[in-house]
Structures are given as C-alpha cells and as structure tokens.
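[1] Using only what follows, build the 3D model:
(chains A and B)
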Amino acid sequence: MKYLLMIYQNPATWQAMPESDKKAFMDEAGAIVDELTASGEWVGGEGLADPSTAASVRVRDGVPAVTDGPFAEAKEQVVGYCIVDCESRDRAIEIAIRWPDARRWGMEVRPILSPDGVEM
Amino acid sequence: MRTDAGTERLLRELAPQVLGAVVRRYGHFDAAEDAVQEALLAAATQWPVQGVPERPRGWLVTVASRRLTDQLRSDEARRRREAAAAMAEPPGPPGPVAAAEDGERASGQDDTLTLLFLCCHPELTPASQLALTLRAVGGLTTAEIARAFLVPESTMAQRISRAKQRIAATGARFAAPPAGEWAGRLRVVLHVLYLMFNEGYAATSGGEASRPELTAEAIRLTRAVRRLLPGDGEVAGLLALMLLTEARRPARCGPGGALVPLAEQDRTRWDQELIHEGLALVTGALTTAPLGAYQIEAAIAAVHAEATTAAGTDWPQILALYNLLERISPGPVVTLNRAVAVAMVRGPRPALDLLAALETDERMAGHHRLAAVRAHCHELAGDHGAAAAEYRAAARTATSLPERRYLETRAAQLAAAAGRARAAGTVGGP
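    Here you go, the predicted model:
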C-alpha cells in the first residue's frame, strides 16, 4: 500500500535556523531516504520551493482566478513530500515519526487510493 | 522487450529449473539468480530469430553458468586488485561449464519447490516474498514485476536485491526445509501464492493494459506445486479457490471499470471450464484429504459457482462452511464474511449483533468492509436511511478507488430510496 507523507514546516522558522541545524535536518532526512531506498519501500519524493513561489488556481464560471501564494493561508505549509510503499499504515506512521520535521512542525500521512478493487 | 507467447511460456516454465540447476552446482543464489535472468533475456532475443535450441534447458544452464562464473571470477579479480596483494596468484579454475549439458534431469521439477521454499523464506516480508517468487520462480523481469505492483522499477529492484541479501544472511541453503519445518514452510508458500493471486484479482480502474496477469502466474505456480504434491488437500484447495474466483472475472467489471457485486453479476459470463475444474478439485480434496482452510474457502466459492442465480444461492450451506472455517481458522475477516451468511439465513438482526462484536477488534474497527456489511444488513432490514449512512462511512474509509466509487453509488441509491419512502410516508400520512 502506498502512502503520501507530507512534510510541513513554518518557512519563517526554517529560514531563521542556523545553517548547522538545517544541515543536520537534511542529513537526517537523507539517511532515512537511503534506508527506505535500500529496503525497497521508497517510491519517490521531492522538496518544494518556498510557498511564496506557489500559484493557487481556481476556475469559477469558466473564469480562472490565479493568485500568488499557497492554497491555504497558514503558518505551516507543505514543503516536501515522500511516497512510500509499505506493509501497513503503522509502518508509514513509524517513518513519519522518525522524519526530523515531525519534531519541530509536523507530518501528514495519507493513504494513496489504489486503482484496484475487489467486488463485494 | 516482448517475445512471442510460445517462447515466453517455455522460458517461464524453464526459469526455476535452470536456476535450480545453477544454484545446485555453484551455490551463490543471489548471483546465480541474476545470471539466470540474463540467460533468459538472451534466449528471449535469440530464440525467436535463431530458433529454439534442441535442448533449451541445457542451453540456458550453460549460458547462465558462464555468466555466473564470469561474474564470480571478476568479483574475485576485483577483490584481489582491491587487496593489492603482491602475491600474483592465478585466478581460480574456470567453472565446469561443459558439465551443464548433463542438465536435463528429472530434478528440475523438485527444484521448483525448493526455490519456492527459499523465496518464501519466513525471514522476508510478504512484499519481498512475492517479488522474489515472481522473479526467481516465475521468471518475470524486474520491470514486469514493478509494473504489476505499480512501483518504479528501481524500488522493485531494491526490494528483490534486499530479499536476496536477507536470504544469504540467514545462511539458508538450497535444500528442502527439514521435516519438522516442512508443513509450516509450505503454508508460507501457499500464502504467498494466495497473495499473488489476490494482487492480480483486484480489478483496475485505470486502463493499464501492460499490467501482467498475476492471477495467471499464481495459478500456473500453484499448478506446478500441485503436480509435485498431488496428495496435499490444501494445495488442491488453494488451486480450486483460485480457479473458482478467476471464473468470475468476465462478469465482475461493468462499463468504465465499475465493480459489479457478486449478487448482480451476469452468471452466464462466468467461465464454466474453470468452474468445472475447480469443483472437481475441491470435491476430490474434501473427500480424500484432511480438512483445511483453503479447501473450505474453495467449497464456499463452489456453492456460489453452482448457483445459476443469486437468489438460488444455498446460503445455509455457505453458513455451515463459514462456521467450520471460523472453528479451524478464526479471524475478523472470517467473522465478517460469516455475518453476511448469517444475514442471508437468519436475518439482518443477528448479523448486526455479530458485527457489533467486531467493532472492538482493532484489526477491523474502521475498516470499510465492516461498514459495508453493516450497510448491507440495514438494507436487508429495510432501513434505507441507516444503510445509506453506513455506505457513506464505508466509502470514506475505503482506500481503493473502484471500491469507493461502488460504495458511493450504493449510498446515493439508498439515500434516494429513503427519500422516496419518506415522501411516500408524508403523502400517505394523516
């Protein structure tokens, strides 16, 4: 089963962090990626550019409205994501718990809908 | 790369025999498995052009052995270079490649089972067992397996390579498990084949035509196990269960990939040939072998298969079989399925009581199938409002897109029925 792990951060606090702390964060996350790659659970993931570079798009009555900035105004924003393919929801949560951003901000674990199903 | 169907079938048939022969001779399961894959690829490109060699198995064993010994020699050479040893020792003698031609012997079949035991090693996760079995025993390429599981090829390659390392680390030898562990290990093998079948049976909503037929592969491998263990009732039961389930495939998907529930399937579209074979298998097993869970599940599938209409289903018989299954192999999923049979035989109320007990089971609480069965019971009881609410709850927790769509559709239908009933009540009321 695949899960999307959304990484949340407060971009302002991240920017204010000392370089050495940032590096420690990224090294820690990198080590988890290496481990998940080796175990065959890593499907993919990327970091995202700052939320200020986002564009939010809505179309109403055929008229597109494009605004700068993320979809939801909040202190904490999605700054990256991972997709893992693992045995259980518990295992996906266990990975999220170890992700460094979980200690400072938060992670959201969402099952990815399978395109397959069985009749009832 | 695609090759013609005949060559592909032959290669897949020979894959475990060739791997068995090579591992038996040289050991190094991990490297041998890679070498056999390379030999299979070479055959897939050469045979359609140059013709199938007279002794295809011998050809593959020779080519794989050569690749393996080359690989082992170059590993050895690299180790020597890295060690920068001053001693200039000559490299080890070349492997006895010529001896590979003795390869055509009856043990090829037994090697298939030994390989299955190795690939379904209890130290591996089910996902790894599945992947390794498909590659080493099924002869599928990593790319094909990755497509079947909808993950990138690199992810699947890692999973397979990690599985092989793990097996090496356990020190497992290429031999049948000791007598005391045999039955338990066979259970793991059958479970992996069962998972492989289920993985393939799940209907896909996307039009992925390239998705290989995992059900066909599971049936093919289970047939191979059955040929080796013709007297085992559970092997027969599992094969029967697969065939009876596979028989419904033509009827289980409606337009746009929508799932058609068992009760609404056009039974004339069920594959009668598979049904006959499955029925014969399960009947034979039930009368000659000790009873087991796969045989009972197959017997339940057989009762469904024998009913020409949904209304004609022998539910008392199905309930009796679920009672038996729950005794020998209890679990929340069995209880859930038994509740469906209880609802059909004794009515929705006793079924709902049974389901209430499952709500405290953390393996089941919040599972969409529990809410879906509850919805079904309310529907049978004529409480369309409660049924709609439960179908909506089930749709919210479903993690499969076609199942969610099915549950949402049912919720909408029942909400509409409840609305009509309310309207009729108002009109007809005082």
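[2] Find the nearest non-adjacent residue to B:Leu288, please.
    Rather than Leu, residue B:288 is Thr. Nearest residue to B:Thr288, sequence neighbours excluded (CB to CB, 6 or more residues apart in numbering or on different chains): B:Gly233, at 7.0 Å. Where you see a C-beta, it was placed from the backbone N, CA and C, and this is true even at glycine.
[3] And for B:Gln265?
    Nearest in space to B:Gln265, with sequence neighbours left out and distances taken as CB to CB, 6+ apart, is B:Ala251 at 4.0 Å.
[4] Repeat that for B:Lys164.
    B:Asp30 (4.2 Å).
[5] and that neighbour, how many neighbours?
    By other CB atoms under 10 Å in any protein chain shown, 16 other residues sit near B:Asp30.
[6] so how many other residues sit close to the residue of chain A found nearest chain B?
    Residue nearest to chain B within chain A (CB to the nearest CB): A:Gly40, separated by 2.8 Å. Neighbour count of A:Gly40, defined by other CB under 10 Å: 24.
[7] and it, what pLDDT?
    pLDDT recorded at A:Gly40 is 91.
[8] The closest residue to it other than its chain neighbours - how many residues pack around it?
    Nearest non-adjacent residue to A:Gly40, counting by CB to CB, 6+ apart: B:Arg159, 2.8 Å away. B:Arg159: 29 surrounding residues under other CB under 10 Å.
[9] Same check on A:Glu19?
    A:Glu19: 7 neighbours (other CB under 10 Å).
[10] Looking at chain B, which residue is nearest chain A?
    B:Arg159 (2.8 Å).
[11] For my notes, confirm that residue occurs in a strand.
    No - under DSSP: H, G, I helix; E, B strand; the rest coil, B:Arg159 sits outside any strand and is assigned helix.
[12] Report the contact partners of it.
    B:Arg159 sits next to A:39-40, B:127-128, B:131 when contact means CB atoms under 8 Å, 6 or more residues apart in numbering or on different chains.
[13] Please list the residues of chain A that sit near chain B.
    Residues of chain A lying close to chain B (CB under 8 Å from any CB of the partner chain) are A:1-2, A:37-44, A:85, A:87, A:111-120.
[14] filter the residues you listed to the buried ones?
    Among these, those classed as buried by 16 or more other CB atoms under 10 Å in any protein chain shown are A:1-2, A:39-43, A:85, A:112-117, A:119-120.
[15] List the residues that contact the closest residue to B:Arg374 other than its chain neighbours.
    The shortest distance from B:Arg374 to any non-neighbouring residue, by CB to CB, 6+ apart, is to B:Glu390 (4.7 Å). Applying CB under 8 Å, 6+ apart, we find B:Glu390 in contact with B:371-372, B:374-375, B:378.
[16] Just the ones of those residues in helices?
    Among the contacts of B:Glu390, DSSP state H puts B:371-372, B:374-375, B:378 in helices.
[17] A:Lys2 pairs with what?
    A:Asp85 (DSSP bridges).
[18] can you map out the helices along chain A?
    Counting by DSSP H, the helices of chain A are A:11-16, A:19-39, A:89-98, A:100-104.
[19] The longest one - contacts with which helices or strands?
    This points to helix A:19-39. strand A:42-47, strand A:77-85, helix A:89-98, helix A:100-104, helix B:153-170 (3 or more CB pairs under 8 Å, 6 or more residues apart in numbering or on different chains; DSSP states H and E).
[20] For B:Ala339, which of the ones you listed is the nearest?
    Of all the helices and strands packed on helix A:19-39, helix A:89-98 sits nearest to B:Ala339, with 23.9 Å by CB to CB.
[21] buried residues in the closest one?
    Buried-residue list, helix A:89-98, by 16+ other CB under 10 Å: A:92-93, A:95-96.
[22] Could you export those residues as a markdown table, including pLDDT and distance to B:Leu193?
    A markdown table is the format used below for these (pLDDT from 0 to 100; distance: CB to CB, whole Å):
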| residue | pLDDT | distance to B:Leu193 |
| --- | --- | --- |
| A:Ala92 | 97 | 26 |
| A:Ile93 | 98 | 30 |
| A:Ile95 | 98 | 29 |
| A:Ala96 | 98 | 33 |
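[23] wait, isn't B:Leu10 in contact with B:Pro53?
    No - in this structure B:Leu10 lies outside contact range of B:Pro53 using CB atoms under 8 Å: 10.9 Å.
[24] Do a quick rundown of the helices in the stretch 1-150 of chain B.
    B:5-26, B:29-50, B:56-83, B:107-119, B:126-132, B:142-148 (DSSP state H, counting those that start in this stretch).
[25] Share the number of residues neighbouring B:Gly425, please.
    9.
[26] Which elements pack onto the one helix or strand it maps to?
    B:Gly425 belongs to helix B:401-428 when assigned by DSSP states H and E. Using 3+ CB pairs under 8 Å, 6+ apart, the elements in contact with helix B:401-428 are strand A:116-117, helix B:368-380, helix B:384-397.
[27] mean confidence for the second one?
    The reference is to helix B:368-380. 95.
[28] tilt between it and helix B:384-397?
    170 degrees (axes from the mean of the first three to the mean of the last three CA atoms, to 10 degrees).
[29] Just the CA atoms of helix B:368-380, as PDB, please.
    Only the C-alpha atoms of helix B:368-380 are listed here, as PDB (Å, rounded to 0.1, in the frame of the first residue of the first chain):
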ATOM      1  CA  HIS B 368     -14.600  -0.100   5.100                       C
ATOM      2  CA  ARG B 369     -15.700  -3.700   4.700                       C
ATOM      3  CA  LEU B 370     -17.200  -3.700   8.200                       C
ATOM      4  CA  ALA B 371     -19.300  -0.600   7.500                       C
ATOM      5  CA  ALA B 372     -20.200  -2.000   4.100                       C
ATOM      6  CA  VAL B 373     -21.600  -5.300   5.600                       C
ATOM      7  CA  ARG B 374     -23.400  -3.200   8.200                       C
ATOM      8  CA  ALA B 375     -24.900  -1.200   5.400                       C
ATOM      9  CA  HIS B 376     -26.000  -4.400   3.600                       C
ATOM     10  CA  CYS B 377     -27.700  -5.600   6.800                       C
ATOM     11  CA  HIS B 378     -29.600  -2.300   7.300                       C
ATOM     12  CA  GLU B 379     -30.600  -2.500   3.600                       C
ATOM     13  CA  LEU B 380     -32.000  -6.100   4.100                       C
END
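[30] Using CSV, write out every CA atom in stretch B:278-292.
    Output in CSV follows, covering the C-alpha atoms of stretch B:278-292 (Å, rounded to 0.1, in the frame of the first residue of the first chain):
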residue,chain,number,x,y,z
GLY,B,278,-12.4,-26.0,-9.6
LEU,B,279,-15.4,-28.1,-8.5
ALA,B,280,-13.7,-31.4,-9.3
LEU,B,281,-10.6,-30.3,-7.4
VAL,B,282,-12.3,-29.2,-4.3
THR,B,283,-14.7,-32.2,-4.2
GLY,B,284,-11.7,-34.5,-4.6
ALA,B,285,-9.7,-32.8,-1.8
LEU,B,286,-12.6,-32.7,0.6
THR,B,287,-13.3,-36.4,0.3
THR,B,288,-9.7,-37.6,0.4
ALA,B,289,-7.5,-35.1,2.4
PRO,B,290,-7.6,-33.7,5.9
LEU,B,291,-9.7,-30.6,6.1
GLY,B,292,-8.0,-27.2,5.7
